[in-house]
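Provided below are the primary sequence and the corresponding predicted coordinates.
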Protein chains: 2
Amino acid sequence: MCVNIIGIKKIPLIKEGDNLAEIIINNADDEGIEICNEDIIVIAETAVAKAEGNVIDLKSLNPSQNAMEISKKTGKNANLVEAIIRESTDIIKLGPNFIICETKHGFICANAGIDESNIEHGFATPIPTNPDKSADQIRKKIETLTEKDVAVIISDTQGRPFREGAVGVAIGISGMESLWNQEGKLDLYGRELQTTQTAVSDELASAASIVMGQASEGIPVVIIRGVDYFKILRNNSANSKPLLRPKEYDVFR
Amino acid sequence: MCVNIIGIKKIPLIKEGDNLAEIIINNADDEGIEICNEDIIVIAETAVAKAEGNVIDLKSLNPSQNAMEISKKTGKNANLVEAIIRESTDIIKLGPNFIICETKHGFICANAGIDESNIEHGFATPIPTNPDKSADQIRKKIETLTEKDVAVIISDTQGRPFREGAVGVAIGISGMESLWNQEGKLDLYGRELQTTQTAVSDELASAASIVMGQASEGIPVVIIRGVDYFKILRNNSANSKPLLRPKEYDVFR
């Protein structure tokens, strides 16, 4: 049993209006990689935000009074704080050089997921407006062009409470379930499993991150091949919402 | 660029005293898989706990007054609660059917990581006493027997705050760093990276989990091959401690 994590190396720098589906297929083809049935294609969110023209010109923002105050408390640039506030529905925790927010999408993450890496100086990329919709559009285009059944995951790199270091997580998905609910399934001794929900889409995003790297490697697209639960979790109307724990069940808020 | 996640399928049910290093090498060999230089071998913690005879007979425990009270509050079996208390240094949050603890190792997780799956009824496996030491012993045996340089990760499946579903995480490591600190490294545009610490060992544990499954598949050992940062992070005295965020920096306690 073997799963392959295949990095597509020669993806060019993405710019507004680029057709990611075509770029992925063509660049994979240039490297002798054909998209196959059941491939799970993981795309770094920065590439999606850029293709969608979702780029913030930080200098153009006029920091509010609130942004100025948070800037003072955190030591973060006031224009960046203004951008963070605009992307957030709630500021959860503040401190020296960190702002943890709930984004418009419902993600709890540092800086509302706004990324100043891999973009020109003075600019930043927010999380795509609707990562599930982006994933869906890219998946459908890839499926039309290749006539293969695939899934698409939009990934981000996020920190976690309690554990140091960031890991890849899924912020958008199309073509398969984000969570694998194995309620009622039995273990090696015929007993019902205790851990019934596995965040497979987050595990896939983490696996992709092993190949993507975070720096100048520039591998924003990774194909994961050979995942045996693809068929079980195949769902054309699934999205990433099940990954978000409802506020009322979150004991760490 | 391709990373392979290779499940070793025919590992027998592990029992006390089993030599995991030999079992891994022999079963891999039976499937035509030879251990290679730079292989990262991920082992499910239940297999390690069982091989080390670290199994709790729940019936033998005498629940304390405190265990009885927590059992009442959470609805969990009092003997299991007693086992959880004994494995913990701190109870962080309680609620209907959940107890989040800090374990003796410093991990913050549900039920102190005590697992009632994949073990005979009435028994449970705690997290191995010293997963870094376990990883180290297994790695050294594998390296001696194969004359290859490898890393070993002991993995667990844990839930997270804010996000639904459990994911694979590293609870012990030997042979390579658990975190990749990329401070000073530049992005595609020559700017310093913002996300400087990646929890590579957690990402590798999540990648392994894709193949391990959680139920009756019974694939407790996975080889990850082709990870290009192996050489950079090679360190014979590394452990999992850098993954634990110090209490004073954890804003969610």
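On my side now, so go ahead. Since the structure is predicted, the reported quantities are computational estimates derived from the model, not experimental observations. Numbering: from 1, shown residues only, chains lettered A, B, ... in the order given.

give me every residue that touches residue A:130.
Applying CB atoms under 8 Å, 6 or more residues apart in numbering or on different chains to residue A:130 gives the contacts A:105, A:172. All C-beta spots, glycine's among them, are computed from the backbone N, C-alpha and C.

so what pLDDT did it get?
As predicted, residue A:130 sits at a pLDDT of 97.

Could you check how far it is from residue A:45?
The gap separating residue A:130 from residue A:45 is 12 Å, by CB to CB, to the nearest Å.

ditto for residue A:34
From residue A:34 to residue A:45 the distance is 25 Å (CB to CB).

re earlier: overlap in contacts, residue A:130 and residue A:45.
residue A:172.

coming back round to it: which one's more surrounded, residue A:34 and residue A:45?
residue A:45 (26 against 10; other CB atoms under 10 Å in any protein chain shown).

pLDDT value on the residue nearest to that one when sequence neighbours are not counted, please?
Leaving out its chain neighbours, the residue that sits closest to residue A:45 by CB to CB, 6 or more residues apart in numbering or on different chains is residue A:156, at 4.7 Å. As predicted, residue A:156 sits at a pLDDT of 94.

Packing partners of the strand ranked longest in chain A?
What stands out as the longest strand in chain A, according to DSSP state E, is strand A:167-176. Applying 3 or more CB pairs under 8 Å, 6 or more residues apart in numbering or on different chains; DSSP states H and E, one finds that strand A:167-176 contacts helix A:45-51, helix A:131-146, strand A:151-158, helix A:200-212, strand A:234-235, helix B:200-212.

Could you list every helix and strand that the fifth one packs against?
What that stands for is strand A:234-235. Against strand A:234-235 (3+ CB pairs under 8 Å, 6+ apart) you get strand A:167-176.

which non-adjacent residue is nearest the residue most central in space within chain A?
By CA atoms, centre = their mean, chain A has its centre lying nearest to residue A:155, at 2.2 Å. Using CB to CB, 6+ apart and skipping residues adjacent in sequence, the residue nearest residue A:155 is residue A:205, 3.9 Å away.

gap between the one you found and residue A:177?
Distance of residue A:205 to residue A:177, given as CB to CB: 14 Å.

Could I get the full set of strands for chain A?
A:2-7, A:40-44, A:56-57, A:88-95, A:98-103, A:108-110, A:123-124, A:151-158, A:167-176, A:180-181, A:197-198, A:221-225, A:234-235.

Nearest to residue B:1, out of these?
For residue B:1, the closest of the strands of chain A is strand A:2-7, at 4.0 Å, according to CB to CB.

any idea of the angle that closest one forms with strand B:2-7?
For strand A:2-7 against strand B:2-7, the angle by axes from the mean of the first three to the mean of the last three CA atoms, to 10 degrees is 160 degrees.

Just the CA coordinates for strand A:2-7, please, in CSV.
The C-alpha trace of strand A:2-7 is given here as CSV (Å, rounded to 0.1, in the frame of the first residue of the first chain):
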residue,chain,number,x,y,z
CYS,A,2,1.6,3.2,-1.1
VAL,A,3,0.5,6.8,-1.3
ASN,A,4,2.5,9.2,-3.5
ILE,A,5,2.9,12.9,-2.8
ILE,A,6,4.0,14.5,-6.1
GLY,A,7,5.1,18.1,-6.3
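
What's the end-to-end length of stretch A:157-166?
One end of stretch A:157-166 to the other measures 6 Å (CA to CA, to the nearest Å).

what comes into contact with that stretch?
With CB under 8 Å, 6+ apart, stretch A:157-166 has contacts from A:107, A:109-110, A:113, A:167-169, A:209, A:214, A:252, B:108, B:160-162, B:169, B:178-180, B:195, B:197-200, B:202, B:242-245, B:250-252.

residue contacts, residue A:252?
With CB under 8 Å, 6+ apart, residue A:252 has these contacts: A:161, B:93, B:161-162, B:252.

for the strands of chain A, which one sits closest to residue B:16?
Of all the strands of chain A, strand A:197-198 comes closest under CB to CB, at 28.3 Å.

Remind me what that closest one packs against, helices and strands.
By 3+ CB pairs under 8 Å, 6+ apart, strand A:197-198 packs against strand A:180-181.

let's see 10 Å
When contacts are defined as 3 or more CB pairs under 10 Å, 6 or more residues apart in numbering or on different chains; DSSP states H and E, strand A:197-198 sits against strand A:180-181, helix B:200-212.

re the thing from before, buried ones among the contacts of stretch A:157-166?
Among the contacts of stretch A:157-166, those scoring as buried are A:107, A:109-110, A:113, A:167-169, A:209, A:214, A:252, B:108, B:160-162, B:169, B:178-180, B:195, B:197-200, B:202, B:242-245, B:252 (criterion: 16 or more other CB atoms under 10 Å in any protein chain shown).

Test for you: state the pLDDT assigned to the nearest residue to residue A:232 once chain neighbours are set aside.
Spatial nearest neighbour of residue A:232, excluding adjacent residues (CB to CB, 6+ apart): residue A:180 at 7.5 Å. At residue A:180, the model reports a pLDDT of 95.

do the same with residue A:41
At residue A:41, the pLDDT recorded in the model is 98.

That one and chain B: what is the separation?
Residue A:41 sits 15 Å away from chain B, taking CB to the nearest CB, to the nearest Å as the criterion.

beta partners of that residue?
residue A:152, residue A:223 (DSSP bridges).

My guess is residue A:146 contacts residue A:33. True?
No - under the criterion of CB atoms under 10 Å, residue A:146 makes no contact with residue A:33, lying 11.5 Å away.

shared neighbours of those two, anything?
Common contacts of residue A:146 and residue A:33 (CB atoms under 10 Å, 6 or more residues apart in numbering or on different chains): A:24-25, A:39.
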